[in-house]
Each structure stands twice: as C-alpha cells, then as structure tokens.
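>>> I would like the atomic coordinates for the input below:
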Amino acid sequence: MFDILIAGGWPMLPILLTSALALAIILERFWTLRRGAVLPPDLGVQVRVWARAAKLDPAHIDALAAGSPLGQLLAAAVRVRGRPRELIKERLEDTGRHVVHRMGRYLNTLGTIALIAPLLGLLGTVIGLIRMFLAVMVHGAGDPTKMAGGIGEALICTATGLVVAIPAYVFHRYFRSRIDGYAVSMEQEAARLLDELDAPGAPPATTPASAASSARAPAKSATRARVAPAPAER
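Residues are numbered from 1 along each chain as shown. Prediction:
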C-alpha cells in the first residue's frame, strides 16, 4: 500500500492531508452530534415543569444553557418569560439560528474537501500524463516502462482523490440531514415551552434588578413610616 502511494508522486501529499482532515472532522462531528448530547431525553418536560413551578433562578438558567444545544434554546425563552409572546418567539428564532449554525461547524470544510479531492486527483492525473509524454519525447515510444510510470501515477492519483471525496460527500450530507432533524425536534420543544410560558398564570420574568428593587421597596416603606411626623394633638 505504501509503495502505491509513493508511486503516485508528490500530488498524493495534498490528497493525503485532506483525507486526514476529513477523517478528523467526521469523528469530531459524530461525537458532538450525538442525540443524547444535543437533545437530552426529557429535558423539555423538565424545563416546562420548572417554569410552571417558578423554580428557574439565574444560576439554574445558566446551567441549562451550558448543558446542551436544546438547553441553550430553552434557556433563551425562559430568560424572557413573562414578556409578550412575539418577543419570546423572536428570541427563540434568533437563538435557534445560532444553535443550528454552531451544530454545523466544520461541515463547510468537509464539503470543500469533497469538492477539491477529485480536482487534486485530476491534477495528479495531468502531471502523470505530462511525465509520460516527456518520457516519450526523450526516449521515444520504444520503452514501455517510461510510459507505464506516468500512466500508473495518473491512475493512482485519480483513484485516491475519489476515495477521499466520496466518503467526505456522503458524511457531509448525512450530518446536514441529522442537523435538520435536530432542528425540527428543537422547534417542537420550543413551541411547547412557549405555550407553557404564554399560559395564564405563568410566572413572570425575574431579573436581578427587579429582585433588588422589590427587596428595597419594603425597606423604603418602613423608613417612611419611621420618619413620618406624628399627628398634632388638639
């Protein structure tokens, strides 16, 4: 096998580099796009229960957003709970675009490899044919070994380029399809949470500023009660 790669000449070097990069991307995407890592089971149900019971404090929401792409999407809606439905929906759409873009990381590179690998193989083919014709010009057509070397280099480069390009293209389409399926599932979970937050009696959004102001309100009332002048005696 190693002798075959050597026989392909220097055009084999970029083809082998792209194949190593494609393999690294495929393995990384398989690990990152596991269903349990993107859509933890029963996470949507848990968040709806927490939202119904008003058990989502800022630290809890931050942990939810850091746990998974679905958690990041649901946390974006919970942060603005109590706001108008259109605002929550807009926040979900903005966050969803970022989440889907992050899940598709490196796939453009994988698609580029699937596109350029056959071109690199074609480049090796052209170089091999050029070497063959130069050998014919120098030594004539009577030495078949000179022609065989160029033809062999051309065929090896072409075959290797296709071997790299075909799996890269297949996995590129596979990961794109998987991300599209995840996006549909996350959209369904976000819609259920939106209905829960929009239901009557849903807990309002609490921010640190509002919590601090509500905590200062009783203190101000008590202060005013202490400094209020006593009614004049008649």
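
>>> can you point out the buried residues in stretch 168-180?
Residues of stretch 168-180 classed as buried by neighbour count (16 or more other Cβ atoms under 10 Å): 168, 169, 171, 172, 175, 178, 179. (C-beta placed from N, C-alpha, C; glycine too.)

>>> list the contacts of it.
22, 26, 29, 33, 100, 103-104, 107, 110-111, 113-114, 117 (Cβ atoms under 8 Å, 6 or more residues apart in numbering).

>>> now, of those residues, which are buried?
22, 26, 29, 33, 100, 103-104, 107, 110-111, 113-114, 117.

>>> tell me the one among those residues nearest to residue 13.
Lowest distance from residue 13 to these (Cβ to Cβ) belongs to residue 117, with 13.0 Å.

>>> please, which helix or strand holds the closest one?
Residue 117 is part of helix 107-139 when elements are defined by DSSP states H and E.

>>> against which helices or strands is that helix packed?
With contacts defined as 3 or more Cβ pairs under 8 Å, 6 or more residues apart in numbering; DSSP states H and E, helix 107-139 has these neighbours: helix 12-32, helix 144-198.

>>> following element in sequence after the shortest one, please.
It refers to helix 12-32. Next element after helix 12-32 (DSSP H and E): helix 35-38.

>>> next helix or strand past that following helix?
helix 43-53.

>>> what mean pLDDT does that next one have?
Helix 43-53 carries an average pLDDT of 86.

>>> pLDDT score assigned to the most centrally placed residue in the chain?
The centre of the chain sits closest to residue 103, judged by Cα atoms, centre = their mean, with a distance of 1.2 Å. On pLDDT, residue 103 comes in at 94.

>>> my read: it touches residue 70, true?
No - contact criterion Cβ atoms under 8 Å: residue 103 and residue 70 do not qualify, at 10.7 Å.

>>> show me whatever sits in contact with both of the two.
With contacts taken as Cβ under 8 Å, 6+ apart, residue 103 and residue 70 have residue 38 as neighbours in common.

>>> how near is residue 99 to residue 56?
Between residue 99 and residue 56 the distance, using Cβ to Cβ, to the nearest Å, works out to 19 Å.

>>> please apply the same query to residue 74.
According to Cβ to Cβ, residue 74 and residue 56 sit 10 Å apart.

>>> looking at these two, which is more packed in?
When neighbours are counted by other Cβ atoms under 10 Å, residue 74 and residue 56 differ, and residue 74 comes out ahead with 31 against 20.

>>> element containing the more buried one?
Assigned by DSSP H and E, residue 74 belongs to helix 69-79.

>>> helices or strands up against that helix?
Counting contacts by 3+ Cβ pairs under 8 Å, 6+ apart, helix 69-79 is packed against helix 43-53, helix 58-67, helix 85-103, helix 144-198.

>>> closest to residue 14 out of the ones you listed?
Here helix 144-198 is closest among the helices and strands packed on helix 69-79 (Cβ to Cβ), at 9.7 Å.

>>> relative orientation of the closest one and helix 12-32 in degrees?
20 degrees (axes from the mean of the first three to the mean of the last three Cα atoms, to 10 degrees).

>>> so what's residue 24 up against?
Not one residue lies near residue 24 by Cβ under 8 Å, 6+ apart.
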